[in-house]
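> no sequence for this one, just the structure:
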């Protein structure tokens, strides 16, 4: 695919993600209008709204997998990898807002997402073994809390840069909000 066509496709998919996140019943016509293209342009690439939505989900999965790879969860020092991962995930969630329940309803997408979750779980065990996270917490507790912190940050503090947001999320994950 030509570079300009690839950029146009990404713009369309990111616009579709944003529109569908706010209105899950949005039509191809409304998505096309938000992207600044004619609906026929969208239909030349995607046979249906479902196919477009599927492409959005796959693009988000690609971005998550790249965020994990870029964080170097297996090789980088644990604190560095944690911050990189959180910063990357904030960026992905801002670029690719989707209804995760709808996205994960597709078994193939859910399986692929589960693979990424296993990678993060393994990293969080590494963080516990390295003493960054407290041992003895309920199984997968950090893996459940971390995405919630990211979600709150994205919804409540959209003005923060991804780097500053990662600082806040990591600090909250590691130290909480108390003074004790």
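Great, that's in hand. These figures come from a predicted structure and were not determined experimentally.
> And for the nearest residue to residue 90 once chain neighbours are set aside, the neighbour number?
Spatial nearest neighbour of residue 90, excluding adjacent residues (C-beta to C-beta, 6 or more residues apart in numbering): residue 162 at 4.4 Å. C-beta: built from backbone N, CA, C; applies to glycine. The tally of other residues near residue 162 (other C-beta atoms under 10 Å) stands at 18.
> now do residue 158
Around residue 158 there are 9 residues (other C-beta under 10 Å).
> and if you look at residue 66?
When neighbours are counted by other C-beta under 10 Å, residue 66 comes out with 12.
> Spell out the residue ranges of the helices in this protein.
3-22, 28-35, 39-45, 49-71, 78-95, 100-103, 107-129, 141-156, 162-175 (DSSP state H).
> So for residue 135, which of those sits nearest?
Evaluated over the helices of the chain, closeness to residue 135 peaks at helix 107-129, with 5.5 Å, by C-beta to C-beta.
> From residue 176, how far off is residue 110?
Using C-beta to C-beta, to the nearest Å, we find residue 110 at a distance of 31 Å from residue 176.
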